[in-house]
Every structure is written in structure tokens, then in C-alpha cells.
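# What follows is a predicted protein model with its sequence.
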Amino acid sequence: MGPILAVEGLKAYYQMRYFGTLREVRAVDDITLEIQRDEIYGLAGESSSGKSTLIKTIARAIRPPLNVVDGAVRFDFAGQGPRDIYTLSAPELAATRWRHLSYIMQGSMNVLNPVRRIRHSFVDFAFRHMSLPMPAFLRRVEEHLGHLSLRPDVLESFPHELSGGMRQRVTIALATVCRPDFIIADEPTTALDVVVQKGVLEMIRRLQREMGSSVLFVTHDMAVHANLTDRLGIMYAGRLVEEAPTRALFRQPLHPYTAHLIRSLPRIGDDTPRHGLEGRPPNLASPPPGCRFHPRCPLAMEVCQQTTPVMQELAPGHRVACHAAAQGILP
Ligand code: SF4
Ligand code: MG
């Protein structure tokens, strides 16, 4: 069986008319990646690097002014053969939700209806996707909540009666109770304190193992990626700049931006000051020519200002888009 997801040359731009001229913000610019069955793929990069836009586009959860300009997003659920999610009819798309593809959005605790008990949210969202009679469905829900260390009585609670960490776990339970083939999660633990966060991550890992799902996990937090993901893609200014098995990437980053992200992680027992990067990420309405990172890159060369580096596989499974890396210069 091939990959469960293949993204090919994907471009998604915010397109706005501005006094008759088209202004484009190239938030996702020519991204190609594959996600295998049964793996946790992480997506990292600072805020506004296009991570959230990319996964919204992958999930076909976009609205104008964000449009897909080029490329394809092919899912192959259960090995039925790849299909571009943008060619599915509305009923076909609806049929993938919850059962095949589940999307835990940023701030998704808000999907819980504040005036309905948690039980109703499960019935409203998940019941019709499972061919189970109601009592069996509720037993399944209770068992699943147990996997996330939640007691069955949360079902009778209102969202405001639960702590943030419990609400987030309820949301994750809701998104996973139908055992979807593919789970997309955007910063699901960012709002939680460290202890709760650790618990939630362990549960995502355990659920993923038990269900054999694939997970696309987005966060700017490199420490979370180090603990959770199997492979990692790094985004900068709308582009994927490096991708590798997570361990290999931490052991030897090849892109200067990745090296910066790793070096800015705090280390226990190491007080040497961390050097921040000069400058800010570019405005994606008018990104710099060549490598978009060149105005901030300590290794920038002349070619970097003119020629966009292309992704090259420099070690098995380790791809990078950098002129210096291609010449064997390590960051
Ligand atoms: Fe730096 Fe050039 Fe590599 Fe871009 S291509 S990251 S500017 S060395
Ligand atoms: Mg985001």
C-alpha cells in the first residue's frame, strides 16, 4: 500500500482584490510531502509560517479568500486508491469526516456546545458515523474516555464544569472515537500547562498505536516534536525547507533555520545564552526572492538571493532546500 496522504506541489494563496488589483499572500507555496500509514508526522515552524494554512488546505477546510491555486491533496484511506480531496462531492467529503479524517483545530475546545451536556456533543457529532445502537455507542464512548483518563460522568457535565485540560481531552476523545484513519491536530496542547500537556501527548501516542492511525501534528514547540513525532517537516515562510526522521533531524539539522529552532530549545543544566535570529519572517505578500530565509541566514551566499533552493534528498529520508547544505556546508 502506498502512503495514506500525498501532497503534491500544493499552492494555497489568500487572494484579495485591492483597488482592482489582485493581492496574493502565498501562505502555502509549492509543498510536496507524503505521510505513511501508522506514523506521526510533525509540522514545525514559527507562527505565520503557513502551518495552520497548510493543514486547513489538506483537510479541505478552507474558505475564500484562501484558495487552492495549484497542486493536489490525495488521500488513500484503507488502500482504496488515492483520491484528490478536492474532487470529492459534498456527500463524499462529509462521509470522510470523523470516520476517515478527523481534524482537531486550534482552540477546538470550542466545538463543545456550551449549553449542552458532553454526552449530547458525542451523540450529535459521532453517533451517525458509527453503525452501533445507542447503548453500545455510549459504552464505546465511555471506554474511549477511559483511554484518555476521563471518568464516564464527564458525559453528564457541561463544558464549563470541566478544566481546560479535561475539555481538551474530551475534544480529542470526540475526534478519535470513530477511530479515524487520519488525524490532524493543530496545536492541541498549546493552551495547557506542562503536566497536563505531557499526559495528553502520551494519550495521543497511545491512541495512535492502538488504532494504527496516521497523525499530522502541528506545533511550533520543538520539544513536543522531539517527544511525539516519528518524522518532522520544518516550514518557513510558506515553504517546506527540511524534512527528516525526527531523531536524525535533531541529531544533524541540515537547514540553518532548523538548526536555529533546535538551538533555541532550553537545555537543563546549560546556562549559555541562546542567540535569537535577527529579523522577522517575511511578509508573504512580497516574499524576498531566492531563498526566503536569506535576509536572516548566517550562511547566506550570493546565489541565495536569486535562486530558490529546491528540495533535495541528501541522506536517506532527509530532504532539505538549501544551497549551503547542497554543497555540504553544515549549519
Ligand atoms: Fe541560508 Fe542560502 Fe541555505 Fe537559504 S539557501 S538557508 S540563505 S544558505
Ligand atoms: Mg497556527
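Ah, there it is. Ligands and ions are numbered 1, 2, ... in the order given.
# ok, and the closest non-adjacent residue to residue 127?
Setting aside the residues directly before and after it, residue 127 is nearest to residue 137 in space (C-beta to C-beta, 6 or more residues apart in numbering), at 5.6 Å. The C-beta positions use only the backbone N, C-alpha and C, and glycine is treated the same way.
# Can you give the contact residues for the helix or strand containing the one you found?
In this assignment (DSSP states H and E), residue 137 forms part of helix 134-147. For helix 134-147, contacts defined as C-beta atoms under 8 Å, 6 or more residues apart in numbering pick out 119, 122-123, 126-127, 130, 132, 151-152, 154-155, 170, 173, 176-177, 203, 206-207, 210.
# Of these, which count as buried by neighbour count?
Among the contacts of helix 134-147, those scoring as buried are 119, 122-123, 126-127, 130, 154-155, 170, 173, 176-177, 203, 207 (criterion: 16 or more other C-beta atoms under 10 Å).
# so can I have CSV of those residues showing secondary structure?
Formatted as CSV, the buried ones among the contacts of helix 134-147 follow (DSSP: H, G, I helix; E, B strand; the rest coil):
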residue, secondary structure
119, helix
122, helix
123, helix
126, helix
127, helix
130, coil
154, helix
155, helix
170, helix
173, helix
176, helix
177, coil
203, helix
207, helix
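# Would you convert the residues you listed into JSON lines that also reports distance to ligand 1?
What follows is the buried ones among the contacts of helix 134-147, written out as JSON lines (distance: C-beta to the nearest ligand atom, whole Å):
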{"residue": "119", "distance to ligand 1": "51"}
{"residue": "122", "distance to ligand 1": "47"}
{"residue": "123", "distance to ligand 1": "51"}
{"residue": "126", "distance to ligand 1": "44"}
{"residue": "127", "distance to ligand 1": "50"}
{"residue": "130", "distance to ligand 1": "48"}
{"residue": "154", "distance to ligand 1": "47"}
{"residue": "155", "distance to ligand 1": "51"}
{"residue": "170", "distance to ligand 1": "42"}
{"residue": "173", "distance to ligand 1": "41"}
{"residue": "176", "distance to ligand 1": "37"}
{"residue": "177", "distance to ligand 1": "43"}
{"residue": "203", "distance to ligand 1": "36"}
{"residue": "207", "distance to ligand 1": "36"}
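# With pLDDT added, can I get these in TSV?
Shown next, in TSV, are these (pLDDT from 0 to 100):
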residue	pLDDT
119	95
122	93
123	92
126	87
127	88
130	85
154	96
155	96
170	90
173	89
176	89
177	91
203	79
207	81
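# and of those residues, the nearest to residue 13?
Nearest to residue 13 among the buried ones among the contacts of helix 134-147: residue 176, at 32.0 Å, using C-beta to C-beta.
# which regions of this protein lie under the pLDDT threshold?
107-109, 268-276 (pLDDT under 70).
# phi, psi of the spatially most central residue of it?
By C-alpha atoms, centre = their mean, the chain has its centre lying nearest to residue 218, at 3.2 Å. Main-chain torsions, residue 218, degrees, to the nearest 10: phi -110, psi 130.
# What distance do you get for it to ligand 1?
Computed as C-beta to the nearest ligand atom, to the nearest Å, the residue 218 to ligand 1 distance reads 22 Å.
# Next, the contact list for that residue, please.
42-44, 51-52, 55, 184-187.
# cutoff 6 Å now
The contact partners of residue 218, by C-beta atoms under 6 Å, 6 or more residues apart in numbering, come to 43, 51, 55, 186.
# Just these: which are in helices?
Using DSSP state H, the subset of the contacts of residue 218 located in helices is 51, 55.
# Show me the one in the contacts of residue 218 that has more neighbours than the rest.
The most crowded member of the contacts of residue 218 is residue 43, carrying 27 neighbours; neighbours defined as other C-beta atoms under 10 Å.
# which one is residue 38 nearest to, not counting chain neighbours?
Distances taken as C-beta to C-beta, 6+ apart put residue 212 closest to residue 38, at 5.2 Å, once the chain neighbours are dropped.
# quick one: that neighbour and residue 258, what's the gap?
For residue 212, the distance to residue 258 (C-beta to C-beta, to the nearest Å) stands at 29 Å.
# which one of those two has more residues nearby?
Legend: neighbour count by other C-beta under 10 Å for residue 212 and residue 258, higher for residue 258 (27 against 10).
# ok but that one is inside a helix, no?
Yes: under three-state DSSP, residue 258 sits within a helix.
# Report the secondary structure state of residue 250.
helix.
# Quick check: residue 23 touching residue 16?
Yes: between residue 23 and residue 16 there is a contact at 4.9 Å, judged by C-beta atoms under 6 Å.
# mind listing the helices for the stretch 1-150 of the chain?
Under the criterion DSSP state H, counting those that start in this stretch, the stretch 1-150 of the chain carries helices at the ranges 51-58, 90-96, 118-126, 134-147.
# Mind telling me which residue of the stretch 101-250 of the chain is nearest ligand 1?
Closest to ligand 1 within the stretch 101-250 of the chain is residue 241: 7.2 Å, counting by C-beta to the nearest ligand atom.
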